[in-house]
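Build the 3D model from these lines:
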Amino acid sequence: MYHYRLYGLSLISDLEFPQLVEETSDMSVAPEIRIEECEVPEAILNITDKKYDFSTSFSWLSNLTTWLVVENGNRIGYRLKEGGKVQALRNFILGFGMSMIAHQRGMLAIHCSAVVDENGAVLIAGESGAGKSTLTTAFLENGYHLMADDMAFVQTVDKKTSYAYPAFPFQKLCRNVAVEKGYNLDELIYINEDKDKFLVPYQGDFKLERVPIKAFIMLGITNGTEVEVKEINGLDRFIMYANNLFLRHLLRERKYNPEFGQLCIEMAACVPTYSISRPFEGDTTTQVIQNAFDIITEL
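All right, here's what the predicted structure looks like:
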């Protein structure tokens, strides 16, 4: 069995995850999360009209790679399907499986990157092509440290402070970016055939503790000709967080329901939130980065 630390939780697994941080604390203490191969419940196997479902005690998902069964916020069972690839299985467990764990434990799984300095964490969200990786790299090159590259757990305590929990010390880079940075692709973990991405080890200081969130920045595209910067307030914050849940595409309108919505509302009351939208045409990378640093400086 393998022992890891992920999102502030101790984890034991019968499947190896090379990118995760190994657990070094007392192994005699029962792990908080267990990942193991399992038999798929017959009741799920007989369902033909849907491929996933969620609840606070039992969730499941079926795709071409695997069956996932998530229970009581402390167990992820998997069954690799015929023809399924193990690396794809790992991706689904760390993505969908852990986001279901977050739901069952009363936490938010936000699709974002996260960086941190001595004053707190900055979460950076945005759909593919919005510049999330570029802005994350800019923060890392200016004294920040990596917390998460694709998903962060968020928990609001006593309705006063929202905390981010770290994932693992790797970044996802497209093939061309990895080559430009001088990496030997044969030494990297290939994780995504659709987007042609690799896992690249982060060389900086990686902390395992939760950190207060000082800002959430949403990157986007505008039809205008100038970079647009806006502070997001009120109901729009709630909507922005709900629309950036890792499970948003599966949840659809359910992401606004109280089981998720209340957690988004609590986060919205604590975290300064901004959007930075760049024009579709032209290179405004430098301006977007400067706007992001201006936001953080003013905070």
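
Quick check on L80: phi, psi?
phi -70, psi 130 (degrees, to the nearest 10).

How about the contacts made by it?
Residues in contact with L80 (Cβ atoms under 8 Å, 6 or more residues apart in numbering) are E37, T65, T66, V86, L89. Backbone N, C-alpha and C define where each C-beta goes, glycine included.

Report how many residues lie close to the residue lying closest to G143 once chain neighbours are set aside.
Nearest residue to G143, sequence neighbours excluded (Cβ to Cβ, 6 or more residues apart in numbering): D117, at 6.0 Å. Number of residues near D117 (other Cβ atoms under 10 Å) recorded here: 15.

so who does D117 touch?
Here D117 is in contact with G143, Y144, H145 (Cβ under 8 Å, 6+ apart).

can you tell me how far it sits from S133?
Separation of D117 from S133 (Cβ to Cβ, to the nearest Å) stands at 19 Å.

Dump stretch 250-262 to CSV, keeping only the CA atoms.
Extracted C-alpha coordinates of stretch 250-262, given in CSV (Å, rounded to 0.1, in the frame of the first residue of the first chain):
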residue,chain,number,x,y,z
LEU,A,250,-21.7,17.1,-14.5
LEU,A,251,-23.7,19.0,-11.9
ARG,A,252,-25.2,21.4,-14.4
GLU,A,253,-28.0,23.4,-12.6
ARG,A,254,-27.5,21.4,-9.4
LYS,A,255,-24.3,23.3,-8.7
TYR,A,256,-26.6,26.2,-7.5
ASN,A,257,-28.4,23.9,-5.0
PRO,A,258,-27.9,24.4,-1.2
GLU,A,259,-25.5,21.4,-0.9
PHE,A,260,-23.0,23.3,-3.1
GLY,A,261,-24.5,26.8,-3.1
GLN,A,262,-24.2,27.4,0.7
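
Check which residues of it are buried.
L250, L251, K255, F260, G261 (16 or more other Cβ atoms under 10 Å).

Relative to the worst-scoring helix or strand of the chain on mean pLDDT, what are the paired strands and their orientations?
Here the helix or strand of the chain ranked lowest by mean pLDDT, DSSP states H and E is strand 189-192, holding a mean of 75. The strands that strand 189-192 pairs with in its sheet are strand 197-201 (antiparallel) (by DSSP bridges).

Please give the centre-to-centre distance between the partner strand and its chain.
15 Å (Cα atoms, centre = their mean, to the nearest Å).

Next: stretch 283-290.
On Cα atoms, centre = their mean, the centre of stretch 283-290 falls 24 Å from that of its chain.

Name the residues that touch that stretch?
For stretch 283-290, the surrounding residues in contact (Cβ under 8 Å, 6+ apart) are G131, T134, L135, A138, L219, V227, I276, R278.

one more time with 7 Å, if that's ok
Here stretch 283-290 makes contact (Cβ atoms under 7 Å, 6 or more residues apart in numbering) with G131, T134, L135, A138, V227, I276, R278.

What's the mean pLDDT across it?
Averaged over stretch 283-290, pLDDT sits at 93.
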